[in-house]
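Enquirer: Sequence first, predicted model second:
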Number of protein chains: 2
Amino acid sequence: MATMKQVAERAGVSISTVSHVINNTRVVSDDVRQRVQGVIDEMRYIPSAVARSLKNDKTNTIGVLVPNSSNPYFAELIRWLEDAAFQRGYNIILCNAHGGGKKQTAYLRLLMEKRIDGLVLVASGADDEQGLMPGRDAVPIVQLERALPGLDADVILAGQEEGARDATRHLIALGHRVIACVSGPEDLPRSRERVGGFLRAMEEAGLDVAPGDIVHEEFTSAGGHAAFSRLLARDRRPSAVFVASDLMALGGLCAAGRAGVRIPDQISVVGYDDIGASCYTSPPLTTIAPPKYDMARLAIEQLIERIKGTQAPLRNTALAGHLVLRASTAPPA
Amino acid sequence: MATMKQVAERAGVSISTVSHVINNTRVVSDDVRQRVQGVIDEMRYIPSAVARSLKNDKTNTIGVLVPNSSNPYFAELIRWLEDAAFQRGYNIILCNAHGGGKKQTAYLRLLMEKRIDGLVLVASGADDEQGLMPGRDAVPIVQLERALPGLDADVILAGQEEGARDATRHLIALGHRVIACVSGPEDLPRSRERVGGFLRAMEEAGLDVAPGDIVHEEFTSAGGHAAFSRLLARDRRPSAVFVASDLMALGGLCAAGRAGVRIPDQISVVGYDDIGASCYTSPPLTTIAPPKYDMARLAIEQLIERIKGTQAPLRNTALAGHLVLRASTAPPA
DNA sequence: CTGTTAGCGCGTTCAC
DNA sequence: GTGAACGCGCTAACAG
């Protein structure tokens, strides 16, 4: 690969002149500029961002660490993060924490070595994630959805508890009284918050939550399927279910169908995440839509501000999701 | 951020000694090693991969360029690519071509500047993608699913035509005679190949394909919904449909449900891609599963071989997908 | 066993 | 309007 020096020699000018025609950083006679540009094209010269990074101490690269990028919710989030970053001249290094704390630790180390300019952290918040955050002074970080205890970095929250509460209120407003909740593993904050919102709404309405009304499974469609199978087999069958994740709701819908239970006639279902597929389930899923686009945009914006050196105090922004009414909810029979 | 020089000074040794304790690249007395390691920990020194890259002329970074990373199929592919790359010490820069040829061109340029060691290219093959491939000599490239004309790089094919043929044969074997095909835009190779497989199977079986039996829409759930709506309104209603993408099939299932058409009782449906959701549709979708995991693994392996300098002739590997039988297909009524 | 030194490719003073 | 030269942080050859 051609180097600046070679271009300079071939064009009969100095290295610095080449540098200046590339970066438009000082006046160069049209004559020389043309000649240099010609040689650049001819030699297919492409400046080295790594040399530039070494000199400038910035890489224009942002790390994005998520629990699992193949989960549709994260995939959609990543897509917008990538979009926002690209528009502002940054690249994304994609990192999957999936696999536990050690992979995450290894990744964090690698990212620091690569001298990323900033990090967007979507922590799962699982227990094995404690104490692996990089030094506070290392690189700017923006946390999405979840504030790791002890990590002083900007946070963008998605109002998950409020979202869950709104979802449950919707069910209550329809007239449901026996409402169950299906959620992910108990130790995940994402799960805890959503269950929290459910409980709050139930309490506000003076509704009973019996033991067994809240069922925890994996945050997957298979988990949702299992949860529904259990729920449908009980004596006290709910007339509505708040499912803390669309992926789980997919599994739930499937289990209901298999059991001959009609949604929403016999049971109403509300999901959470508004993943692409939830428009096209049978029936289409009523769900809480987190502001993915705004979250991503804001995360990148704030991160870049920090990268530019803003010393503003730590920000803790909470964005609100909204209920998307589709066809999986109805008044009780 | 601490530098090697600072560590050396603080430890009272030379820079090269520090380098050698870090890389285990020559014998260092236990005494000195301990001392240096101590200073490294104390100063929280992290070696700079960018300086190292400048010196070694490799970045341990692989570019991954896909049409749209939020499409579940690509998201799943990316997840395995990331996994395989990480295991071998490489990072992934994620690039979405979505947005057309100019974004793709810009990305390619950026990737070259960043001096990625190799590129995994999942080209959509749309018409505006012509002539934007980097110079043949630039970096090693492995193409997934689609060989760009004129780009001499290793290719890993997924046997899409064969897959589509198998899907259609399955329908035929069940006894269907009037079979329609729903696919993406006509100008996308991905779409053309799958339609090609459908036509071949029909021809082999001596079955008629009437005009209008093949309908093209966007490669999305919305597109699938639209396609099915049209199909169901026709006089000549098919008893089975091969849908060239699970995402589209999701939309199709939804449209069928809305029209009161029961799957598979009235119409059988086969999809393509085996995305996560297709296990949990109602009914669960029979589909062709491309070997995503193997494709990703092989792509990374071959790419790294090339990076290491293998001069083997261009490889053109075809992996086969397989039919996954679920509940959306049945013999005609 | 350890230190000195010359670049890697570029941006940026400083001098002309 | 242009060029020479230093240094970013690191590795590797060469000395000792």
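Expert: Nice, thanks for sending it over. Numbering: from 1, shown residues only, chains lettered A, B, ... in the order given.

Enquirer: As a check, name the ranges of all strands in chain A.
Expert: With DSSP state E as the criterion, chain A has strands at A:61-66, A:91-96, A:118-121, A:141-144, A:154-157, A:179-183, A:214-216, A:240-243, A:268-272, A:286-289, A:316-318, A:322-324.

Enquirer: Neighbours of the closest residue to DNA strand C within the stretch 201-333 of chain A, how many?
Expert: Nearest to DNA strand C, among the residues of the stretch 201-333 of chain A, is A:K308, at 15.0 Å (C-beta to the nearest atom of the strand). For the C-beta atoms, the positions are set from N, CA and C on the backbone; glycine is no exception. Using other C-beta atoms under 10 Å in any protein chain shown, A:K308 has 9 other residues around it.

Enquirer: Can you give me the pLDDT of it?
Expert: For A:K308, the pLDDT comes out at 94.

Enquirer: wait, what's in contact with it?
Expert: A:K308 sits next to no residue when contact means C-beta atoms under 8 Å, 6 or more residues apart in numbering or on different chains.

Enquirer: hang on, the earlier thing: let me know which of the strands of chain A is tucked in deepest.
Expert: strand A:240-243 (a mean of 30; mean count of other C-beta atoms under 10 Å in any protein chain shown).

Enquirer: Residues in contact with that strand: which ones?
Expert: A:164, A:167-168, A:171, A:174, A:176, A:178-183, A:198, A:224, A:227-228, A:231, A:249, A:252, A:267-272, A:329, A:332.

Enquirer: partner strands of it, parallel or antiparallel?
Expert: Its sheet considered, strand A:240-243 pairs with strand A:179-183 (parallel), strand A:268-272 (parallel) by DSSP bridges.

Enquirer: and those as JSON lines, adding mean pLDDT and distance to A:P47?
Expert: Shown next, in JSON lines, are the strands paired with strand A:240-243 (pLDDT from 0 to 100; distance: least, C-beta to C-beta, whole Å):
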{"stretch": "strand A:179-183", "mean pLDDT": "98", "distance to A:P47": "51"}
{"stretch": "strand A:268-272", "mean pLDDT": "98", "distance to A:P47": "46"}
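
Enquirer: could these be laid out in TSV, adding distance to B:W80?
Expert: Below are these laid out as TSV (distance: least, C-beta to C-beta, whole Å):
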stretch	distance to B:W80
strand A:179-183	28
strand A:268-272	27
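
Enquirer: Any stretches of chain A with poor pLDDT?
Expert: Chain A contains residues with pLDDT under 70 at A:126-137.

Enquirer: go again using 90 as the cut-off
Expert: Applying pLDDT under 90 to chain A flags the ranges A:1, A:98-105, A:123-138, A:146-152, A:211, A:235-236, A:310-312, A:333.

Enquirer: so how many other residues sit close to the residue in the stretch 151-300 of chain A positioned nearest to DNA strand D?
Expert: Closest residue of the stretch 151-300 of chain A to DNA strand D, C-beta to the nearest atom of the strand: A:A153 (23.4 Å). Residues near A:A153, counting by other C-beta under 10 Å, number 22.

Enquirer: And A:A97, by the same measure?
Expert: Other residues near A:A97 come to 23 when the count uses other C-beta under 10 Å.

Enquirer: Pull the contacting residues for it.
Expert: Shown in contact with A:A97 (C-beta under 8 Å, 6+ apart): A:L65, A:V66, A:P67, A:N68, A:K103, A:Q104, A:Y107, A:A123, A:S124, A:E129.

Enquirer: what do you get if the cut-off is 7 Å, keeping everything else the same?
Expert: Going by C-beta atoms under 7 Å, 6 or more residues apart in numbering or on different chains, A:A97 touches A:L65, A:V66, A:P67, A:K103, A:Q104, A:S124.

Enquirer: ok, now which ones touch the residue lying closest to the third one once chain neighbours are set aside?
Expert: Once its chain neighbours are removed from consideration, A:P67 has its nearest residue in A:S124; the separation is 4.1 Å (C-beta to C-beta, 6 or more residues apart in numbering or on different chains). When the contact criterion is C-beta under 7 Å, 6+ apart, the partners of A:S124 are A:P67, A:A97, A:L188.

Enquirer: The last one contacts A:E145, correct?
Expert: No: the pair formed by A:L188 and A:E145 falls short of the contact definition of C-beta atoms under 7 Å, at 11.1 Å.

Enquirer: count of residues packed around the residue nearest to A:Y293 when sequence neighbours are not counted?
Expert: Using C-beta to C-beta, 6+ apart and skipping the chain neighbours, the partner closest in space to A:Y293 is A:W80 (5.2 Å). A:W80: 18 surrounding residues under other C-beta under 10 Å.

Enquirer: Over to A:P313?
Expert: By other C-beta under 10 Å, the residues close to A:P313 number 7.

Enquirer: mind listing what the nearest residue to A:Q37 once chain neighbours are set aside touches?
Expert: Distances taken as C-beta to C-beta, 6+ apart place A:V21 nearest to A:Q37, at 6.5 Å, with adjacent residues excluded. Going by C-beta under 7 Å, 6+ apart, A:V21 touches A:V28, A:R33, A:V36, A:Q37.

Enquirer: Give me the subset of the residues you listed that lies in helices.
Expert: Residues of the contacts of A:V21 located in helices (DSSP state H): A:R33, A:V36, A:Q37.

Enquirer: so A:T61 bridges to which residues?
Expert: The partner residues for A:T61, given DSSP bridges, come to A:N91.

Enquirer: what separates it from DNA strand D, distance-wise?
Expert: Distance, A:T61 to DNA strand D, using C-beta to the nearest atom of the strand, to the nearest Å: 16 Å.

Enquirer: Kindly reformat the strands of chain A as a markdown table containing distance to B:A289.
Expert: Output for those, formatted as a markdown table (distance: least, C-beta to C-beta, whole Å):
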| stretch | distance to B:A289 |
| --- | --- |
| strand A:61-66 | 25 |
| strand A:91-96 | 21 |
| strand A:118-121 | 32 |
| strand A:141-144 | 32 |
| strand A:154-157 | 37 |
| strand A:179-183 | 28 |
| strand A:214-216 | 30 |
| strand A:240-243 | 27 |
| strand A:268-272 | 26 |
| strand A:286-289 | 27 |
| strand A:316-318 | 41 |
| strand A:322-324 | 31 |
